[in-house]
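Student: give me a model of this one.
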Amino acid sequence: MTAIIPQVLVSLVALGMALAFISADRESPTSRALAASLAWIGIAIFVNSSWLELSPHWTSAGARIGGWLAITESLAIITVLEWLLRVRRTIPAGALDTRGGDGMLRLGQASGVLYSVFAIVAPELRASEFQFAASKPGALGHFGFWLFAGPILFSGLTGLISVLLLMRRQPDRPERIRIVGFAVAMPFFMIAFVLSEQAAAISTLIGEMMLLIGSVHYHVLQGQRGQFMSRFLSFQVAELVRQRGMKHAMEQNFLEITVVVSDLRGFTAYAQANPSSRVIDVLRDYYDEVGKVVGEYGGTIKDYAGDGILMLVGAPLPIRDHAVVGLRIAHRVRDAVTNVTQRWSSDTHALGIGIGVASGFVTVGVIGSQSRLEYTAVGAAVNLASRLCEQALHGEILVDGRTMELAGDIALESRPSVAVKGFAEPVSLYALPAAI
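Tutor: Next up, the predicted model:
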């Protein structure tokens, strides 16, 4: 059994890497696929090397069982290409048609299945003419060698071509490193099929290290970027991309949400009368307070536009009773920002806060180019919340009729209907009292 110790160690390395990726980032589709591919690589190495040690491959019974064990090798091929397919879905394609590259990877996976089918149907041919072929003179001239090498080479070729197609999208540095790591690792994995047991272990280990270097470098750079960008982008949008991948995150959805818009009163005059450094300090204090409240309730800050803040409740991640949560956010924001305005107001220039809340169906999704992505919401509720915010006096929270219908037990004060720009009919109006 000492002869298979190198293979067992390589197998344990692969399984350990799989466990590391799945435990650290189990919600990510790409991390799950990477963990699965590493796990199947480890399992394939262990079961095949162990069986060859227990039962010589040149015996008829040993060859037949070894043919069935080739299924683990096919699963390793399939899951490696599945990982690459999921990586493709996280990189914006712009106007490029991605169907050809995705279809090619599916063909590569089918070719991986074909390899195990051939191994089950012709196990002795695989054992005699394909396994350890690098140590057999004239192996390249045998039909049996190409019967099994062909599917593996085709699967590897689809992966490498897919990498080249990915590079056309001009991915950023972390993605390039991860993709290049895969491209470098692939030949080492492929050649391990025909090397001697000791050489195959070394080749596989080199491939694992190349894949690990690329993946770890990617996650480190992404972590650094995420830590920096979390100060500017919504956590919910980042979580949506992480959980579902870029392709699903960029899909448009039509759903009902609650929109909250806040705006400082007297800010224009205040900004003209005070140094820009003081104005920035006011905005920073204001943004921080609103951000704390919105984050606590799981809402999303869509926009910071000067002294105006647009908040979404119920998108991109759904929130049950979004209207109730939206009103609670508005109430907390009013209290928090009122304290901010009191700290920064002067005798000559007072600051205040006005808030508008509206609910309705909107279209939401990630839009943008390869260089910049933004989560957006388009619909009447967004416009109405903004218009109500414009009409709100200091300390007022004006609410539309749909939010009132969804508000449950939260009592609202009825106001006369008002004409709102962009709306043909007068809008039912309510106000949120100081205590809810």
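
Student: how's this protein carved up into domains?
Tutor: Domain segmentation of the chain under automatic domain parsing yields 2-229, 235-431.

Student: as JSON lines, these with mean pLDDT and mean neighbour count would be great.
Tutor: Where C-beta positions appear, they are placed from N, C-alpha and C, glycine not excepted. Below are the domains of the chain laid out as JSON lines (pLDDT from 0 to 100; neighbours: other CB atoms under 10 Å):
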{"stretch": "domain 2-229", "mean pLDDT": "84", "mean neighbour count": "18"}
{"stretch": "domain 235-431", "mean pLDDT": "88", "mean neighbour count": "18"}
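
Student: ok, longest helix in this structure?
Tutor: When the chain is parsed with DSSP state H, its longest helix is helix 197-229.

Student: and it, what does it pack onto?
Tutor: In terms of contacts (3 or more CB pairs under 8 Å, 6 or more residues apart in numbering; DSSP states H and E), helix 197-229 is packed against helix 5-24, helix 29-54, helix 173-191.

Student: tell me the angle the first one makes with helix 197-229.
Tutor: Pointing back at helix 5-24 there. For helix 5-24 against helix 197-229, the angle by axes from the mean of the first three to the mean of the last three CA atoms, to 10 degrees is 20 degrees.

Student: return the distance of helix 5-24 from the chain's centre.
Tutor: Averaging C-alpha positions (CA atoms, centre = their mean, to the nearest Å) puts helix 5-24 24 Å from its chain's average.

Student: could you list every helix and strand that it packs against?
Tutor: helix 29-54, helix 197-229.

Student: and that helix, C-alpha only, in PDB?
Tutor: Extracted C-alpha coordinates of helix 5-24, given in PDB (Å, rounded to 0.1, in the frame of the first residue of the first chain):
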ATOM      1  CA  ILE A   5       0.700   7.100  -0.600                       C
ATOM      2  CA  PRO A   6       1.500   9.900  -3.100                       C
ATOM      3  CA  GLN A   7      -1.900   9.500  -4.800                       C
ATOM      4  CA  VAL A   8      -3.600   9.400  -1.400                       C
ATOM      5  CA  LEU A   9      -1.900  12.600  -0.300                       C
ATOM      6  CA  VAL A  10      -2.800  14.300  -3.600                       C
ATOM      7  CA  SER A  11      -6.400  13.200  -3.100                       C
ATOM      8  CA  LEU A  12      -6.500  14.600   0.400                       C
ATOM      9  CA  VAL A  13      -5.100  17.900  -0.800                       C
ATOM     10  CA  ALA A  14      -8.000  18.100  -3.400                       C
ATOM     11  CA  LEU A  15     -10.600  17.100  -0.800                       C
ATOM     12  CA  GLY A  16      -9.200  19.600   1.700                       C
ATOM     13  CA  MET A  17      -9.300  22.400  -0.900                       C
ATOM     14  CA  ALA A  18     -12.900  21.400  -1.700                       C
ATOM     15  CA  LEU A  19     -13.800  21.600   2.000                       C
ATOM     16  CA  ALA A  20     -12.100  25.000   2.300                       C
ATOM     17  CA  PHE A  21     -14.100  26.600  -0.600                       C
ATOM     18  CA  ILE A  22     -17.500  25.200   0.400                       C
ATOM     19  CA  SER A  23     -17.200  26.100   4.000                       C
ATOM     20  CA  ALA A  24     -15.900  29.600   3.300                       C
END
